[in-house]
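Engineer: What follows is a predicted protein model with its sequence.
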Amino acid sequence: MENPNLKRLRRTMMFLNAQKPGLIKDPHVYKPDSIMLDLEDAVAENQKDVARFSLYHALTTIDYQGVERVVRINGLDTPHWQEDVRVSVAAGCDSIRIPKVESAKDVHIIEEAVLKAEKEFDRPEGSTLLMAAIESTMGVMNVFEICKSSERLFGIALSGGDYTKDLQTSISGTGVELAGARQQLIIAARAAGVMCFDTVFTNLDDMEVFEHEVKIARMMGFDGKSIVNPRQIETVHRIFTPSEKEIIFAEKVVTEIDEKKAQGIGVFTVDGKMVDIAFYPGAKRVIEMAKAAGVYEGDL
Ligand SMILES: CC(=O)SCCNC(=O)CCNC(=O)[C@H](O)C(C)(C)COP(=O)(O)OP(=O)(O)OC[C@H]1O[C@@H](n2cnc3c(N)ncnc32)[C@H](O)[C@@H]1OP(=O)(O)O
Ligand SMILES: O=C([O-])CC(=O)C(=O)O
Ligand SMILES: [Mg+2]
């Protein structure tokens, strides 16, 4: 049976340092869709063991109340990733975020280590999902192969900080430097049938630019965004949850297409807008998103 978590709602995926008790003890109270316990860049090099112990303790003792528990392991170019995978799987995380993925082979290496750990710690085979963070120009060039690399892989994420370093530029706040990568990632993810997440926005005090960036991400087709602070959750959830107006319109489109089809009519208008069968999947998707977000009250 397909793992039901492959397609869950992931509007917000919130990073937190796996070593900090103050952060890991109750992040679910802010109601992000996923938390991402970080063993990578938020953890200092000489604290990697401490962070792994803290992660294991947190995952085996804290009830995160249905919030997805993702672990960001260290990259394949470090001496840490094997132990990160073992501890994450032993502790029963839901998913592993692989940083700095450059090829399908990178995913295969982690997949193999995850399967080995599932056997070692008696966890159901296939229960640990994967996601791949694209953080380099090579990763962008290989993104379609990465998207198709594993049945465990539910999605990919753009990691703009490292990516812009590789591109030899920096984050400007305008989105110009990320435009190409964002477009490539979302096209590849949709073609491969996996989810796609936008990068973090680190200027916590600039909510205006943040809101603009989140709107662009939704318009481009992303499923959600990596975030670094609970203050960012409300904005992302508001923008990534269909509004009442969108839901009502989607309901009308679905109902009218069904009715008109039976009458042999292919094209007509709804609220002054032309509608034909091509609008059906989009309207259905709005209703599915509203259902997943818990804001749908209709009966479609
Ligand atoms: C480029 C990359 O690699 S990004 C990925 C790695 N980065 C991270 O993991 C960083 C995660 N975020 C953080 O550590 C913090 O939000 C910081 C350091 C950015 C800012 O910290 P602060 O200025 O203390 O945040 P702020 O004042 O908004 O905190 C308010 C409350 O939210 C909590 N909080 C802040 N960030 C988080 C978080 N990411 N997850 C859960 N709780 C959080 C704080 O503990 C605090 O709780 P309290 O009121 O009970 O004390
Ligand atoms: O995944 C992210 O958005 C954070 C990150 O590692 C980066 O920007 O390099
Ligand atoms: Mg990074």
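Structural biologist: In hand now; what should we look at? Numbering: from 1, shown residues only. Ligands and ions are numbered 1, 2, ... in the order given.
Engineer: From here on, just use CA atoms for contacts and neighbour counts.
Structural biologist: Will do.
Engineer: interface residues of the stretch 201-300 of the chain facing ligand 1?
Structural biologist: 228-230 (CA under 6 Å from any ligand atom).
Engineer: Ramachandran coordinates for F15?
Structural biologist: Phi and psi for F15, reported as degrees, to the nearest 10, are phi -70, psi 140.
Engineer: how near is it to A90?
Structural biologist: 21 Å (CA to CA, to the nearest Å).
Engineer: Compare neighbour counts for the two and give me the winner.
Structural biologist: F15 (23 against 20; other CA atoms under 10 Å).
Engineer: So in terms of bridging, what pairs with that one?
Structural biologist: Counting by DSSP bridges, F15 forms beta bridges with M36.
Engineer: Phi, psi for the residue sitting nearest the centre point of the chain please.
Structural biologist: With distances taken as CA atoms, centre = their mean, the residue of the chain nearest its centroid is F197 (4.5 Å). Main-chain torsions, F197, degrees, to the nearest 10: phi -120, psi 140.
Engineer: Wait, it touches G160, no?
Structural biologist: No - if you go by CA atoms under 8 Å, F197 and G160 don't touch, sitting 11.2 Å apart.
Engineer: the helices in the protein, which residues?
Structural biologist: Along the chain, the stretches classed as helices by DSSP state H are 21-24, 48-61, 81-90, 104-120, 137-141, 143-147, 160-166, 179-192, 207-220, 233-240, 244-262, 280-292.
Engineer: helices or strands up against the third one?
Structural biologist: Helix 81-90 makes packing contacts with helix 48-61, helix 104-120 when contacts are defined by 3 or more CA pairs under 8 Å, 6 or more residues apart in numbering; DSSP states H and E.
Engineer: Just name the most buried of the helices of the chain.
Structural biologist: With neighbours taken as mean count of other CA atoms under 10 Å, the helices of the chain reach their highest mean count in helix 143-147, at a mean of 24.
Engineer: Mind giving me the packing neighbours of that helix?
Structural biologist: In terms of contacts (3+ CA pairs under 8 Å, 6+ apart), helix 143-147 is packed against helix 104-120, strand 153-158, helix 179-192.
Engineer: CA atoms only for that helix, dumped as PDB, please.
Structural biologist: Provided in PDB are the C-alpha atoms of helix 143-147 (Å, rounded to 0.1, in the frame of the first residue of the first chain):
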ATOM      1  CA  VAL A 143      16.500  18.100 -10.800                       C
ATOM      2  CA  PHE A 144      14.100  15.900 -12.900                       C
ATOM      3  CA  GLU A 145      16.200  12.800 -12.400                       C
ATOM      4  CA  ILE A 146      16.300  13.600  -8.600                       C
ATOM      5  CA  CYS A 147      12.500  14.000  -8.600                       C
END
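Engineer: re the thing from before, for the helices and strands packed on helix 81-90, give me JSON lines that also has mean pLDDT.
Structural biologist: What follows is those, written out as JSON lines (pLDDT from 0 to 100):
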{"stretch": "helix 48-61", "mean pLDDT": "97"}
{"stretch": "helix 104-120", "mean pLDDT": "98"}
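Engineer: residues contacting G92?
Structural biologist: By CA atoms under 8 Å, 6 or more residues apart in numbering, G92 lies in contact with 59-60, 123, 128.
Engineer: Not counting its neighbours along the chain, what's nearest the residue nearest to the centre of the chain?
Structural biologist: Distances taken as CA to CA, 6 or more residues apart in numbering put A157 closest to F197, at 4.5 Å, once the chain neighbours are dropped.
Engineer: looking at it, that neighbour is touching A189, isn't it?
Structural biologist: No - using CA under 8 Å, A157 is not in contact with A189; the gap is 9.7 Å.
Engineer: which residues are in contact with both of the two?
Structural biologist: Common neighbours of A157 and A189 (CA under 8 Å, 6+ apart) are C196.
Engineer: hmm, back to that, can you tell me which of the residues of the stretch 201-300 of the chain next to ligand 1 is nearest Y30?
Structural biologist: Nearest to Y30 among those, counting by CA to CA, is P230 at 6.3 Å.
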